[in-house]
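Enquirer: Could you work out the structure for the sequence below:
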Amino acid sequence: MPLTTRRRALTTFGAALTGTVALPAGTALAGEQHHGPRPLWRAHAHNDYEHHRPLLDALDHRFGSVEADVYLVGDRLLVAHDPEDLDPTRSLEALYLDPLAARVRAHHGSVYRGRRRPLQLLVDLKTEGVATYLVLDRLLRRYPHLFTTYAHGRVRPGPVTVVVSGDRAAREPMAAQTVRRAFYDGRLTDLGSATPASFIPLISDNWTHTFTWLGTGTFPDTERRKLHAVAAAAHRRGQRVRFWATPDLPGPARDALWGELLAAGVDHLNTDDLAGLEAFLDAHP
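Expert: Numbering: from 1, shown residues only. Okay, the predicted model is just below:
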């Protein structure tokens, strides 16, 4: 293989792990301006399905990552926060996979028209991990050109990258696969482990389990150094970082904490407030 070809292949492989996959441009859908929006790749829609228009509201606010909680009910994956909210019409296919597939077809291969990175779909398994993941895996296979895929040691880019979170039992069947259409959401305990970014491209954890500061007063220097060290360690291995349970009520505390996350290079800011995070990121490019 010529040197330039090898370099191109390595760049594509690294891009797949860090979420900077090159994809062809397409055409606009409703909610996008003629030239396409500038996506906010650091914006993560926590509990996205609780918005009035799941997925679509997040895309209208230009989010680069959305989260769906799923329950295995029979052989179907239903999206809800709590079991009492389960509705057979609100399946993962209906709320996320089918709309994403339609959008990617209309855009000739990308979620955001003319943009070169995949959307992250974080699927949080709320029921037993092994059984729920195996159903998810079968479901993802129905969309052969939609997802970033790991196959025999190589990552093949796709318009959407699925990352599996929630019940940790899913890790074992995922790790045993030589071909899969999803990746694993690690924890801080995975940081620096031998597990490669081709399996764990994302490190997520509860902010309050590691840090005491919630945006009010001065950020302790020891905690700031720890935050920067976490982000730097993940980035050296081609991994991204996200924290949940950060303050999410509008106000100075939230803005201060979000500002520290940006300064440290944290890759995804977690929120239920789509418009609030959109405005903050537009003001802090």
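Enquirer: what residue is smack in the middle of the protein?
Expert: Centroid check for the chain by Cα atoms, centre = their mean gives Q120 as the closest residue, at 3.4 Å.
Enquirer: Relative to the strand or helix carrying it, what are the paired strands and their orientations?
Expert: Using DSSP states H and E, Q120 maps to strand 119-125. The strands beside strand 119-125 in its sheet (DSSP bridges) come out as strand 63-73 (parallel), strand 160-166 (parallel).
Enquirer: Which residues does the next helix or strand after the shortest one contact?
Expert: Reading on from strand 160-166 to the C-terminus, the next helix or strand found by DSSP H and E is helix 171-176. Contacts made with helix 171-176 from outside it, assessed by Cβ atoms under 8 Å, 6 or more residues apart in numbering, are listed as G129, V130, Y133, L134, D137, V164, R180, A182, Y184, F199. Placement of C-beta: from N, CA and C, glycine included.
Enquirer: what comes up buried for helix 171-176?
Expert: For helix 171-176, a neighbour-count test (16 or more other Cβ atoms under 10 Å) marks R171, M174 as buried.
Enquirer: what does stretch 180-200 give?
Expert: Across stretch 180-200, burial judged by 16+ other Cβ under 10 Å covers 180-186, 188, 190-191, 195, 197, 199-200.
Enquirer: all strands of the chain, in order?
Expert: Using DSSP state E, the strands found in the chain span residues 40-45, 63-73, 76-79, 119-125, 149-151, 154-156, 160-166, 179-180, 183-186, 202-206, 240-244, 269-271.
Enquirer: distance between the fifth one and the chain's centre?
Expert: Think strand 149-151. In terms of Cα atoms, centre = their mean, to the nearest Å, the gap separating the centre of strand 149-151 from the centre of its chain is 17 Å.
Enquirer: hang on, the earlier thing: give the bridge partners for the residue nearest to the centre of the chain, please.
Expert: Beta-bridge partners recorded for Q120 (DSSP bridges): S65, T161.
Enquirer: roughly how far apart are it and L140?
Expert: According to Cβ to Cβ, to the nearest Å, Q120 and L140 sit 14 Å apart.
Enquirer: Kindly report the same for R113.
Expert: Look at R113 and L140: by Cβ to Cβ, they are 23 Å apart.
Enquirer: tell me the contacts of the nearest residue to L188 once chain neighbours are set aside?
Expert: Nearest residue to L188, sequence neighbours excluded (Cβ to Cβ, 6 or more residues apart in numbering): D205, at 4.7 Å. By Cβ under 8 Å, 6+ apart, the residues touching D205 are R187, L188, F243, W244.
Enquirer: My read is that the second one contacts V230, right?
Expert: If I follow you right, that is L188. Yes: using Cβ atoms under 8 Å, L188 makes contact with V230 at a distance of 6.8 Å.
Enquirer: any common contacting residues for those two?
Expert: Residues touching both L188 and V230 (Cβ under 8 Å, 6+ apart): I203, T210.
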